[in-house]
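> Quick one, structure for this:
(chains A and B)
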Protein chains: 2
Amino acid sequence: MLTRIDHIGIACFDLDATADLYRRVHGFEVAHEEVNEEQGVREAMLRVNGTDDGHATYLQLLEPVREDSAVAKFLARHGEGVHHVAFGTGDVAGASAEIGGAGVRVLDAAPRPGSMGSSIAFLHPKDCGGVLTELVQAAGPEEDERG
Amino acid sequence: MLTRIDHIGIACFDLDATADLYRRVHGFEVAHEEVNEEQGVREAMLRVNGTDDGHATYLQLLEPVREDSAVAKFLARHGEGVHHVAFGTGDVAGASAEIGGAGVRVLDAAPRPGSMGSSIAFLHPKDCGGVLTELVQAAGPEEDERG
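Model (predicted):
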């Protein structure tokens, strides 16, 4: 049902400086960048490796674009660091229903838009061992993701 | 140089209960379990997916076995959640030297033992955008990792 780590979401104050750090130190390049107005963030996807389900694992850098966004609040409380962990699935609606049936609170009643045309749903961190958890259904196979 | 997400380290109070949660909700099984006396933790590796460098990505659950361990201190301060992010490399000593040369503080002067026979080194979170970062050189190709 969950077939890969899709990405690790990392909250930062300055997206460009943090992307530069990961390029310079880790050797990862920005594969995609967008603004998600609904979530109030600017985000960059840095591809780390391909996965055996035909997709890939990314780091997702998140910079708030308004002060009332969840990521702005996280930064004010915790400072920079890991914000969430996202698992890839071929069927985000089905996985959400199954996981909800196992007693975990699903925070999105219906999947909503994520990075690179994906559909996503978040799970309550208190039901996931303190980890804010995201489910991601990619827009298509990897070659289409960065089109 | 860094070719995969090797694992995400997650601090928990009760390893068995958290492993059970990940088995029941996410569908991930414990592939390996050990106690790292030096780090003062009991750890379980849950395999999530294979990676295109011939290895795999895991969740690493960490339960402290003594109160003065780094993970016990993390739990007292932050509660349960993501403790660190580990990247795989074919040469942990070389990667540490290169990353140290880029101005990032390497916390281990020489690589030390990690999960499943690996060699590891940690990087200072303040030099890595708030993320406690680990470098991992696996003991061998994936088929040998869980022998």
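
> show me where pLDDT drops low in chain A?
Chain A contains residues with pLDDT under 70 at A:143-147.

> please redo it, this time with the cut-off set to 80
Within chain A, the stretches with pLDDT under 80 are A:141-147.

> near chain B, which residues of it?
Taking C-beta under 8 Å from any C-beta of the partner chain as the measure of proximity, chain A contacts chain B at A:1-5, A:8, A:10-12, A:18, A:21-22, A:24-28, A:48-53, A:57, A:79-82, A:85, A:87, A:99, A:102, A:104, A:125, A:128-131. All C-beta spots, glycine's among them, are computed from the backbone N, C-alpha and C.

> Narrow those to those in strands?
Judged by DSSP state E, the residues of chain A next to chain B include A:2-5, A:8, A:10-11, A:48-50, A:57, A:81-82, A:85, A:87 as members of strands.

> In terms of distance to residue B:137, which of those ranks first?
residue A:49 (15.4 Å; C-beta to C-beta).

> related to what we said a few turns ago, pick the one among the ones in strands among the residues of chain A next to chain B closest to residue A:72.
Among these, residue A:11 lies closest to residue A:72 (C-beta to C-beta), at 8.8 Å.

> My guess is that closest one contacts residue A:76. True?
No: using C-beta atoms under 8 Å, residue A:11 makes no contact with residue A:76, being 10.2 Å away.

> between the two, which one's more packed in?
A count of neighbours by other C-beta atoms under 10 Å in any protein chain shown puts residue A:11 above the other of residue A:11 and residue A:76, at 27 against 10.

> Count the neighbours of residue A:85 for me.
22.

> And it, how far from residue B:8?
According to C-beta to C-beta, to the nearest Å, residue A:85 and residue B:8 sit 6 Å apart.

> Mutual contacts of these two, please.
Taking C-beta atoms under 8 Å, 6 or more residues apart in numbering or on different chains as the criterion, residue A:85 and residue B:8 both touch A:5, A:8, B:82.

> Thought residue B:5 was touching the first one, still the case?
Yes: judged on C-beta under 8 Å, residue A:5 makes contact with residue B:5 at a distance of 5.9 Å.

> Which residues are in contact with each of those two?
With C-beta under 8 Å, 6+ apart as the test, residue A:5 and residue B:5 both reach A:57, B:57.

> Run through the residues that contact residue A:120.
Residue A:120 makes contact with A:86, A:92, A:108, A:111, A:112, A:113, A:114, A:134, A:135, A:136, A:137 under the criterion C-beta under 8 Å, 6+ apart.

> ok but it is inside a strand, no?
Yes: under DSSP: H, G, I helix; E, B strand; the rest coil, residue A:120 falls within a strand.
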